[in-house]
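Visitor: Need a 3D model of the sequence below.
(one chain, ligands or ions: 1)
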Amino acid sequence: MCTLEQLAVQLYDAGAVRLGDIEAKLGRRTPVYFDLRVVVSHPRIMLAVVKHLQKLASKIHHDILCGVPYAAMPFAAVMSVNTNTPMLMKRKETKLYATKKILEGVFQKNQKCLIIEDVVTSGGSVLETVDALRAENLVVTHALVVLDREQGGASILKANGVELKALFTMTNLIKILRDAGRINDDTVDIISDHIKVCQFGINDSVG
Ligand SMILES: O=c1ccn([C@@H]2O[C@H](COP(=O)(O)O)[C@@H](O)[C@H]2O)c(=O)[nH]1
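Guide: Model prediction:
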């Protein structure tokens, strides 16, 4: 299995790190955006991400997996197959005809569901999935994420009874990329300043 440092560089070289003045969720601006959707085009990187997620998952008791739609669903699907763990698919919107479901897949009340996510900023996307799972009497205590942007999402999730475990934090990812010569000190400073200033709290709208 490659190291997290090697994985960070592979993600950067595959185009998963976008730098500049970028529009993020709800019209907010960010100097860095992580687009982990590119990983579906790189099976070896997919496998590397998933193996690291599986290592974290192996320390958390769970019966079933659920990826946050849509970017994390391929990660959850590959983990499910590799570890022979059933998975659920959460829809963004409830299906309007036939089954009228928000969750697809077979599950039982009180099963422990482990959430898989690509990036956490405010934690709002993870919370939407937590709410849908808990509404169906599944037990959710943990979420795994590839990147925690360290903008308050982990604390908001903790306040909602969900412990977040990340492969990378923003701080260690940009340090790895700087040490590997992919980004310079100025970029590191701009991103670090943004993270300090752009924080979410439990009273902010995280939708
Ligand atoms: O760099 C980023 C930041 C966010 N995303 C996507 O947004 C949500 C996470 O934002 P929350 O505020 O925590 O809901 C997540 O589902 C990502 O897919 C991103 O891709 N890259």
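Visitor: which helix in the chain runs the most residues?
Guide: helix 43-57 (DSSP state H).
Visitor: C-alpha coordinates for that helix, CSV please?
Guide: Presented in CSV, the C-alpha positions along helix 43-57 are these (Å, rounded to 0.1, in the frame of the first residue of the first chain):
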residue,chain,number,x,y,z
PRO,A,43,-8.4,3.0,-10.7
ARG,A,44,-5.0,2.7,-9.0
ILE,A,45,-5.5,5.9,-7.0
MET,A,46,-9.1,4.7,-6.2
LEU,A,47,-7.7,1.5,-4.8
ALA,A,48,-5.1,3.5,-2.8
VAL,A,49,-7.7,5.8,-1.3
VAL,A,50,-10.0,2.9,-0.5
LYS,A,51,-7.2,0.9,1.2
HIS,A,52,-6.4,3.8,3.5
LEU,A,53,-10.1,4.2,4.3
GLN,A,54,-10.4,0.5,5.0
LYS,A,55,-7.6,0.7,7.4
LEU,A,56,-9.5,3.4,9.4
ALA,A,57,-12.8,1.5,9.0
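Visitor: And the ligand, is it touching that?
Guide: No: Helix 43-57 lies out of reach of the ligand by C-beta under 6 Å from any ligand atom, never closer than 13.7 Å. From N, CA and C alone the C-beta is placed, and that goes for glycine too.
Visitor: What sits closest to residue 114 if chain neighbours are left out?
Guide: Closest residue to residue 114 apart from its sequence neighbours, by C-beta to C-beta, 6 or more residues apart in numbering: residue 62 at 3.7 Å.
Visitor: Run a quick neighbour tally on the one you found.
Guide: 20 (other C-beta atoms under 10 Å).
Visitor: quick one: the strands in this protein?
Guide: 17-23, 29-34, 64-67, 87-90, 103-104, 113-120, 142-148, 163-169 (DSSP state E).
Visitor: about what we covered before: tell me what the longest helix of the chain is packed against?
Guide: Under the contact definition 3 or more C-beta pairs under 8 Å, 6 or more residues apart in numbering; DSSP states H and E, helix 43-57 sits against helix 4-13, helix 73-83, strand 142-148, strand 163-169.
Visitor: Check the model's average confidence along the second one for me.
Guide: Which is helix 73-83. Mean pLDDT, computed over helix 73-83, is 98.
Visitor: what's the answer for stretch 32-42, then?
Guide: Per-residue scores along stretch 32-42 average to 98.
Visitor: now do stretch 172-184
Guide: Rounded mean pLDDT across stretch 172-184 is 98.
Visitor: which other residues reach it?
Guide: With contacts defined as C-beta atoms under 8 Å, 6 or more residues apart in numbering, stretch 172-184 is touched by 4-5, 8-9, 12-13, 17, 19, 32, 147, 168, 185, 187-188, 191-192.
Visitor: Next up, the contacts around residue 51.
Guide: So residue 51 contacts residue 1 (C-beta under 8 Å, 6+ apart).
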